[in-house]
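*Asks:* The following comprises the amino acid sequence and a computationally predicted model.
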Amino acid sequence: MLAYAIRRLLVLIPIMWIVATAVFLLLHSAPGDPAAFMLGSDASADQQAELRHELGLDRPLYEQYFDWLGKAVRGDLGESIFLGKPVTSALAERAEPTILLGSLALIISLIIGLVTGVLSAIRRASWLDLSLMSGAMAGVAVPTFVTGLLLIYIFAVKLRWLPVAGYEPISAGLWPCLRYLILPAITLGAFEAAFLSRMTRSMMLEVIGQDYVRTARAKGLVERDVIIRHTLRNAFVPLLTIIGLMVAALMSGAVVTEQIFAIPGMGRLLIQAVVRRDFPVVQGAVLIIAILYVLTNLLVDLLARVVDPRIEL
Amino acid sequence: MDDKQVAPASHETAEPGYQARNRRSDVTLMTTSPRIVRIWRQVRRQKQVLIGGAIILVVVFAAIFANLITTNDPTLIDPRFRMRSPNAYYFFGTDSQGRDVFARVVFGARLSLEIGFLTSFLTLVFGTVIGLIAGYYKRVDSVIMRITDAMMAFPGIILAIAIMAVRGASVANVIFALTIVAIPRVVRLVRSLVIGLRESLFVESAIASGCTSVRVVGWHVLPNTISPLIVQMSFIFAEAVLAEATLSFLGAGAPPEIPSWGNMLADSQRIMNIAPWTMFFPAAALALTVLGLNLLGDGLRDMLDPRLRRR
């Protein structure tokens, strides 16, 4: 188990290297000159050259690359062009809202997705199954930002129960913070819940037809135990992979959700950096997100092993 | 309901014959009635395909005949008619700049389908070629797989945003970004199919009878990957439509002057309390299109791959 985890972590090193290189090359293949863009159209050529020198853009590409890579390995992602501070601290400042939003959304989607999925599997072909699955189908079809806009329209604009947008840090108290996070978390969680619900249903149905489930029934187990201990437990392993994918999808979803609800998280930082062509921040944020994403997948594989020892690693 | 329960049973009885034919290394399956009749029978049994297909037909119709459906210019700015509610002239009302929302929704369909089609088509072509190479030639396999690993280490939309940040907002760049994002998945799918097929008897006998690699891959391997690829294409299509709208909504997609559902929704956010119709109609169009494509994809998957048929 430990050997496997270490081996997987070692495999991550070349992958992260390719990722980092790809991010670097991608941004340095940009047609525009960041210096010219930052200074605006009425800057003189001298001023542009000066800024280029300051940012190191006048050095050869390979020099910039090794410089950047060397610093990145040591945890230094450079300095933001617009924010006037290191990229790492800019990202760290924005981490709290994103983590809170993501966890809340994950909890919502896990509860709704698993419960509705199991219900529709055991009540297969009933009106409950039909309506839950139609809901899930619609939920998968409606994009995150549409859900968000509709929720804002209903609960913030029309009913005025919750704020339209914004954020209050957790240090201001639990409720003031939650008030701002409820709608975004539902927005972000709804899509994942719908997805998980459909998957749970089909995995459950896959298992429910197995011989050992029939045996469990035949030996007189209560239906609840048949479902929870024999069916759900076995359906859970493939579901774990899907939950891993969900965590990853939450990261991308957070970018959109934070934008709609004006939450000052990492996703919004990334979008702002994209719009302002703040390349060090884009580079850093994309790299961090990619690392988190890969680590999540590793964690899921390890968890799958814990849940189901039969899995060969 | 009844015919649904009959279907798998009849399939199971057909199983031995199916395998026998398959072993004969033949690509054509179960030829009893003309192909088109068989396809239609299957489609009729799949209500999902029918409903999804009907929705998509409407959207395709709107996209092709956009100029005939509405004579209003979707980009015409007219401040005199700002934020008019839906009426007999402006079916879906007007937006914050007095542009006709109906015309913009109809022309938005054109953009969505254009991007969806080109993205899924290009992804399929490049993904299949790379996947065939990776699956068939063991020497390049690990290199290609490591690259797809790295590409899949980015959440799709983030990678697309990064590409858009570099290349600037344009329709061609959206297609480029979304294709790059989707290719690794097709590569992996095709590769895993090819690896399975590579060991099969009919490929072995083709090699033994002296076929060139190109002929083995093109003639014996590729046709067997078609149906999973068709299914995959419909899902990539749906995801591309969704991703385009998301990118445009974030301001990293189609340029603002092009009518796109994502752009319209971004504009509507500021005025939703005064002019909610600017939000409802593009949102509904987008959700319906994606729903239709998903239904089509699910139905096609059930139809083309009975092993995955959901019970």
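*Replies:* Nice, thanks for sending it over. Numbering: from 1, shown residues only, chains lettered A, B, ... in the order given.
*Asks:* And the host helix or strand of residue A:67, what's buried?
*Replies:* With elements delineated by DSSP states H and E, residue A:67 resides in helix A:61-73, which encompasses its position. For helix A:61-73, the neighbour count (16 or more other C-beta atoms under 10 Å in any protein chain shown) marks A:64, A:65, A:68, A:72 as buried. The C-beta positions use only the backbone N, C-alpha and C, and glycine is treated the same way.
*Asks:* Identify the spatial nearest neighbour of the first one, chain neighbours not counted.
*Replies:* Read that as residue A:64. Counting by C-beta to C-beta, 6 or more residues apart in numbering or on different chains, the nearest residue to residue A:64 once its immediate chain neighbours are dropped is residue A:56, at 5.9 Å.
*Asks:* what does the stretch 151-300 of chain B have sitting close to chain A?
*Replies:* Within reach of chain A by C-beta under 8 Å from any C-beta of the partner chain, the stretch 151-300 of chain B has these residues: B:151, B:153-159, B:161-168, B:242, B:245-246, B:249-252, B:265, B:268-269, B:272-273, B:276, B:279, B:283, B:286-288, B:290-291, B:294-295.
*Asks:* Can you convert the buried residues of helix A:61-73 into CSV and add a column each for pLDDT?
*Replies:* Rendered in CSV, the data for the buried residues of helix A:61-73 read as follows (pLDDT from 0 to 100):
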residue, pLDDT
A:64, 82
A:65, 84
A:68, 81
A:72, 81
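*Asks:* Can you tell me the element residue 240 falls in?
*Replies:* Unless you meant another one, I'm taking chain A. In this structure, residue A:240 sits in helix A:233-260 according to DSSP H and E.
*Asks:* wait, I meant chain B there
*Replies:* Residue B:240 is part of helix B:226-250 when elements are defined by DSSP H and E.
*Asks:* now for that helix, which elements pack on it?
*Replies:* Counting contacts by 3 or more C-beta pairs under 8 Å, 6 or more residues apart in numbering or on different chains; DSSP states H and E, the secondary-structure elements packed against helix B:226-250 are helix A:144-151, helix A:233-260, helix B:101-136, helix B:156-167, helix B:171-198, helix B:261-271, helix B:277-304.
*Asks:* distance between that helix and the chain's centre?
*Replies:* Helix B:226-250 has its C-alpha centroid displaced from the chain centroid by 4 Å (C-alpha atoms, centre = their mean, to the nearest Å).
*Asks:* Could you pull out the buried residues of stretch B:230-242?
*Replies:* If you call a residue buried by 16+ other C-beta under 10 Å, then stretch B:230-242 has these buried ones: B:231, B:232, B:233, B:234, B:235, B:236, B:237, B:238, B:239, B:240, B:241, B:242.
*Asks:* cool, stretch B:66-74 as well?
*Replies:* Within stretch B:66-74, the residues that count as buried by 16+ other C-beta under 10 Å are B:66, B:69, B:70, B:72, B:74.
*Asks:* what's the closest of those to chain A?
*Replies:* Within the buried residues of stretch B:66-74, the smallest distance to chain A is 20.2 Å, found for residue B:74 (C-beta to the nearest C-beta).
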